[in-house]
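from the sequence below, what's the structure:
(3 chains)
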Amino acid sequence: MKRLVLLTVLIASMLLSACGSKATQGPVTISFMAWGAPEELAVWQQIVDDFQAANPNIKVNVEVSDWDSYWTKLKTLLAANTPPDVFAMDAPLYLDYQSRGVLLNIQPYIDKSSGFLDGFYPVTLEAYKLPDGYYGLPRDFQTVVLYYNKDMFDAAGVAYPTSDWTYDDLRTAAKSLTIDKNGDGTVDQWGFSSDLWDMELFWSEAIWSWGGEVINADYTQTLVGEPLAREAWQFMDDLMFTDMSMPDTNTSGQYGGDLFQAGIAAMTTIGHWAVPGYATVEFKWDVAPMPISPSGGRATSVNSAGFVVAKDSKNPDAAWEFIKYCLSQTGQTRLTELGLAIPVLESVANSPVFLEQTMVTINQQVFLDSLAFARMKPVFKGYDEWASTIGDGMAPIWLGEADFNSTLDTVVPEADAVLAKNK
Amino acid sequence: MEYGLKPLGKERFWLLLLLAPTLIGLILGTFGSILATIVLSFMKWDLLSKPVWAGLENYTALFTNEKFYIALTNTIKFSAMYVPGVVIISMFVAILLNRKIRGITIFRTIYFLPCVTSAVATALIWNMIYGKDTGILNYIIQSLGGQPICWLCTNNAMISVVIVNIWGAIGEGMIIFLAGLTAIPREYYEASKVDGANGAHQFFRITIPLVTPSIFFVTLISTINAFQAYDYIYMLTRRSQGDSSVPVVVFSIYRNAWNFFNYGGASAQAIELAIIVIALMAIYFWFEKRYVVYE
Amino acid sequence: MTNTKQKYTLDLITYILLILGAVIMITPFLWMVATSFKLPADQFTKTLIPNPATINNFKELFGTHLNFPLMFYNSFLISGLVTIGQILTCAMAAFCFAVVNFRFRNLLFTLLLITMMIPSQVTLIPNFIIFKWLHLIGTKAPLWIPAFMGGAFGTFLLRQYFLTIPRDLVDAARVDGASLLRIFWNIYMPLSKPALAALAIFTFQGAWNDLLHPLIFLPAVPNTTLTVGLAFFQQQITQGGKYTVLMAGGLISILPLILVFFFAQGQFIEGISLSGVKR
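Just a heads-up that it's a prediction; the model follows:
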């Protein structure tokens, strides 16, 4: 009797173990969500096809949406516990998600593939590294540089920006490039235009160049109102209201979001993501590094988009395979062809795939060289709300409705309150 | 007002059948969601982690939340201009169109056109129209010798936005009023003419009273729409990635729920908004009992 | 004589006012059409007839591989289903509220109206979770099933209209022994064509323009509705300030609505001319 029982148990466990291993048969489907422009959908599809060809038992459903839609949908899916397996993450928002426990710690996977992170630009990994490992990895990165419209410079007889340019040079050039073409009293061409809401586009770089800081090291104090930072704000204020070579928000709003692309502004500062859009314009342009401040400092902002895996993903292994592919030489090369961003693998970045992109002939090296003086866009829990408090608070200044010194005095405490709330 | 048939015996079944879809909808869908919203308004939820009980915190926070107060004031100001505007103008247009004149179909179509569109698409045009240096409005004003106005600047933004919203709602009100006006039997007018009434008499003694159901309806719907107005306002007054120069309550709700990881707070704001509208509704219904004339 | 002159003056004033108003109503649309045919460099010119005219903007729109036909189809399907659902179920409920006297009638009606007061942004997530329990995520069902469960606006609109239908019709039918259902289907529905047509237009348009629900419940482009597809496309274009392409997109998105309106307009005419000889 006992032997029969033993035998049954033995056979049963054998069957069960056979079932266990059989469970991994058949293709696994994972979902991948990213934000992007319509052109990117085609490229992601291409990357997915290549990946599926190399991994026949994994299928990937890729979904690309515009920025606003993306976050709305993502948050809904996360709230309802049906998250996508892999999704794109913006570095500054990374901790808002990680701290709320929805991301998977992928350190174990990284450990299994030794030397996996060796070829990466170290600064791009900083944002994602946490004491207990990585909860995400960068997919590509951005540095902000100065773009200039060659045709407008030629027409005004101004020399192109060089890597020795100072902010004062920029200011002088902007003045000469602000023109009322038909003499009707309204300016038709602006010397300089940039977004002043999001720090990444211009004002964090300016503050850093002047030697100031945006926030302190443990994210408890907002420092945009400190003396050195105020000197930077003064520069921007002068550019807009004294020289009037930068349009205020009411004026720039008429032309859509990007005056440089619309051919209305001669210079702008923005990241590499603008390149595909700018490639379609009808004027000649190129890029130069961010200028030098009066005190001799130079800084720019570095940011990245990354991959993260949902903590409750049912197929973390497959998800990891996909990420691994996108971060491999092949994957990175394909992504670079997108033209949107700079690959995180140094080898790919330094190769013709990036440096000699066919989309448009510009000095791509500038983006890479800018890493030497690039500061990371702050990453911390509560970033979204904190940045909104500052952006919203400073907005009246750029509408000409408030003076920046007094506004800073009110905004900084409000921002600090948000920091305290999110600690 | 006690009106209506009393269902006899097994007619109750038919009554239930007719009401069934709505009842199911109320229980499952809308109440499910509304109850959830109420419950969530008493919690702190960031969408990603588990909701945490917060008692009345979200509501008390509203009293000290200056941004919410601004949004509320804007919403009320907006509604105070929008509702009368829509009701009066659309009724006026309907009355004009109800006269026997030629070309009614064309006019009706044209007046209804702004309704048959998407706010997102049309807001873009209005952005162009309102442009300070590039817009048509200022172009017209300047060619007539006037000074250009900055329509979307903070001090004018409210009016500009109200205009666009009214523009987009006239057609809706017009249709309701037309349907209501044409339901007034001709005999009433003919009979009154026999009694010696003139145009003005007819208007104030017959038309207006008999069109009160439509007035009631349009006022109520416009109020609800006004408090929930979002699309046009957002598209015309948004600043970069952030705020709007005319933030309204729905805008604040959206930002709190989706950008600030503060779903509980957003729910509380939504409930607060609903309470205000319900209060207004109660007032309207009181007026309905007293002034609205049904046949 | 004075009467005719009075009529003529009134008519003239009517015409002038109507025409002025019509100009204001329609100019933005003419502008949209004009701009969508202009070259981007000309987008701010104040002419109504583009010179030179181009269809490049539309080409750019369709050249983005967004599979417009599929999105059009999805939009039509969903909007159509929603419209049918609303007309049926709202009419059923409106009839009960307007004509039948039952317990809790006022309470129920008030509750119904309250449902209109919570903005959809906030009920979105609870809604999503409900449909997740029903395992309907990934299908189009969450977009049209709620439409078959009544609606506050539609019920309210039809109730108001039903209330204006003379009671003696009902009483006469009662005498003839008609059941509730008969009264509803054979008396009230045919007499309410104008209101039903109005509701159809509003509902169709609301469903067509809805961005939030298709965004959440349907997969991303391309198997989604037109509104989502255009939003996807628009962000990029707004950045570059190419109003011409944006207008082209806007035009494409509202053309079907206008067509539906023209189609339903016929009902208006029939309804309005009928009520003149109602009794």
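
all strands of chain B, in order?
Assigned by DSSP state E, chain B shows strands spanning B:43-44, B:52-53.

for C:Gln160, find the nearest of those.
Checking the strands of chain B against C:Gln160 by Cβ to Cβ gives strand B:43-44 as the closest, at 38.1 Å. From N, CA and C alone the C-beta is placed, and that goes for glycine too.

got any ranges where the chain has weak pLDDT?
No chain specified, so I'll use chain A. Within chain A, the ranges that satisfy pLDDT under 70 run A:1-25.

let me rephrase: I mean chain C.
Low-confidence segments of chain C, defined by pLDDT under 70: C:1-2, C:64-66, C:239, C:266-279.

now the stretch 101-250 of chain B
Within the stretch 101-250 of chain B, the set of residues satisfying pLDDT under 70 comprises B:239-242.

which residues of it fall in helices?
Assigned by DSSP state H, counting those that start in this stretch, the stretch 101-250 of chain B shows helices spanning B:104-112, B:119-130, B:136-143, B:154-182, B:186-194, B:199-202, B:208-227, B:231-237, B:249-258.

so can I have a markdown table of those showing mean neighbour count and distance to chain C?
Rendered in a markdown table, the data for the helices of the stretch 101-250 of chain B read as follows (neighbours: other Cβ atoms under 10 Å in any protein chain shown; distance: least, Cβ to the nearest Cβ, whole Å):
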| stretch | mean neighbour count | distance to chain C |
| --- | --- | --- |
| helix B:104-112 | 19 | 5 |
| helix B:119-130 | 23 | 3 |
| helix B:136-143 | 15 | 5 |
| helix B:154-182 | 22 | 4 |
| helix B:186-194 | 12 | 6 |
| helix B:199-202 | 12 | 8 |
| helix B:208-227 | 21 | 5 |
| helix B:231-237 | 22 | 8 |
| helix B:249-258 | 25 | 5 |
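
out of those helices, which is closest to C:Ile187?
C:Ile187 lies closest, by Cβ to Cβ, to one member of the helices of the stretch 101-250 of chain B: helix B:154-182, at 17.4 Å.

ok so, going back, redo the helices of the stretch 101-250 of chain B as JSON lines? Include distance to B:Gly265.
Below are those laid out as JSON lines (distance: least, Cβ to Cβ, whole Å):
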{"stretch": "helix B:104-112", "distance to B:Gly265": "39"}
{"stretch": "helix B:119-130", "distance to B:Gly265": "26"}
{"stretch": "helix B:136-143", "distance to B:Gly265": "38"}
{"stretch": "helix B:154-182", "distance to B:Gly265": "25"}
{"stretch": "helix B:186-194", "distance to B:Gly265": "54"}
{"stretch": "helix B:199-202", "distance to B:Gly265": "54"}
{"stretch": "helix B:208-227", "distance to B:Gly265": "18"}
{"stretch": "helix B:231-237", "distance to B:Gly265": "19"}
{"stretch": "helix B:249-258", "distance to B:Gly265": "5"}
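
just to revisit the earlier point, most tightly packed of the strands of chain B?
When you average the neighbours per residue for each of the strands of chain B (mean count of other Cβ atoms under 10 Å in any protein chain shown), strand B:43-44 leads with a mean of 19.

what's that one packed up against?
On a contact count with 3 or more Cβ pairs under 8 Å, 6 or more residues apart in numbering or on different chains; DSSP states H and E, strand B:43-44 meets strand B:52-53.

what about stretch C:111-121, near chain B?
Yes. Residues of stretch C:111-121 contacting chain B under Cβ under 8 Å from any Cβ of the partner chain: C:111-119, C:121.

find the centremost residue of chain B, please.
The structure's chain B has its C-alpha centroid closest to B:Asn225; by Cα atoms, centre = their mean the separation is 2.1 Å.

re the thing from before, ok, of the residues of stretch C:111-121 next to chain B, which come out buried?
In those, burial by neighbour count holds for C:112-119, C:121, counting by 16 or more other Cβ atoms under 10 Å in any protein chain shown.

wait, which of these is closest to chain A?
Ranked by distance to chain A (Cβ to the nearest Cβ), these are led by C:Gln121 at 9.2 Å.

that closest one sits in which helix or strand?
helix C:120-133 (DSSP states H and E).

can you name every helix or strand that that helix contacts?
helix A:67-79, helix B:32-41, helix B:249-258, helix B:263-291, helix C:141-144, helix C:212-217.

can the third one be found next to chain A?
Yes. Taking Cβ under 8 Å from any Cβ as the criterion, helix B:249-258 and chain A are in contact, through B:255, B:258.

identify all contacting residues around that helix.
Helix B:249-258 has contacts (Cβ atoms under 8 Å, 6 or more residues apart in numbering or on different chains) with A:71-72, A:75, A:388, B:47, B:67-68, B:71-72, B:74-75, B:227-230, B:233-234, B:244, B:262-263, B:265-267, B:269-270, B:272-273, C:119, C:121-122.

cutoff 7 Å now
The contact list for helix B:249-258 (Cβ atoms under 7 Å, 6 or more residues apart in numbering or on different chains) reads A:71-72, A:75, B:67-68, B:71-72, B:75, B:228, B:230, B:234, B:244, B:262-263, B:265-266, B:269-270, B:273, C:119, C:121-122.

residues of the stretch 251-400 of chain A that sit close to chain B?
Taking Cβ under 7 Å from any Cβ of the partner chain, the part of the stretch 251-400 of chain A that reaches chain B is made up of A:251, A:253-254, A:384-385, A:388, A:391-392, A:395, A:399.

state the pair within those that is farthest apart.
A:Gln254 and A:Glu385 (29.5 Å).

count the residues that sit near the closest residue to B:Ala197 other than its chain neighbours.
Closest residue to B:Ala197 apart from its sequence neighbours, by Cβ to Cβ, 6 or more residues apart in numbering or on different chains: B:Arg205 at 7.0 Å. B:Arg205 sits with 13 neighbouring residues when counted by other Cβ atoms under 10 Å in any protein chain shown.

any idea how far B:Arg205 is from A:Asp151?
In this view, B:Arg205 and A:Asp151 are 72 Å apart by Cβ to Cβ, to the nearest Å.

again with C:Leu112
According to Cβ to Cβ, C:Leu112 and A:Asp151 sit 62 Å apart.

check A:Leu74 too.
Distance of A:Leu74 to A:Asp151, given as Cβ to Cβ: 41 Å.

give me the more crowded residue out of the two.
The neighbour comparison of A:Leu74 against A:Asp151 (other Cβ under 10 Å) goes to A:Leu74, with 23 against 15.

who are the contact partners of that one?
Counting by Cβ under 7 Å, 6+ apart, A:Leu74 makes contact with A:33, A:87.

most packed of the helices and strands packed on helix C:120-133?
Neighbour counts (mean count of other Cβ under 10 Å) averaged over each of the helices and strands packed on helix C:120-133 peak at helix B:249-258, with a mean of 25.

would you mind writing the CA trace of that one as PDB?
Extracted C-alpha coordinates of helix B:249-258, given in PDB (Å, rounded to 0.1, in the frame of the first residue of the first chain):
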ATOM      1  CA  VAL B 249     -12.000  73.900 -11.800                       C
ATOM      2  CA  VAL B 250     -12.000  71.100 -14.400                       C
ATOM      3  CA  PHE B 251      -8.500  72.100 -15.300                       C
ATOM      4  CA  SER B 252      -7.400  71.900 -11.700                       C
ATOM      5  CA  ILE B 253      -9.100  68.500 -11.400                       C
ATOM      6  CA  TYR B 254      -7.300  67.200 -14.400                       C
ATOM      7  CA  ARG B 255      -3.900  68.400 -13.300                       C
ATOM      8  CA  ASN B 256      -4.300  67.100  -9.800                       C
ATOM      9  CA  ALA B 257      -5.400  63.700 -11.000                       C
ATOM     10  CA  TRP B 258      -3.000  63.200 -13.800                       C
END
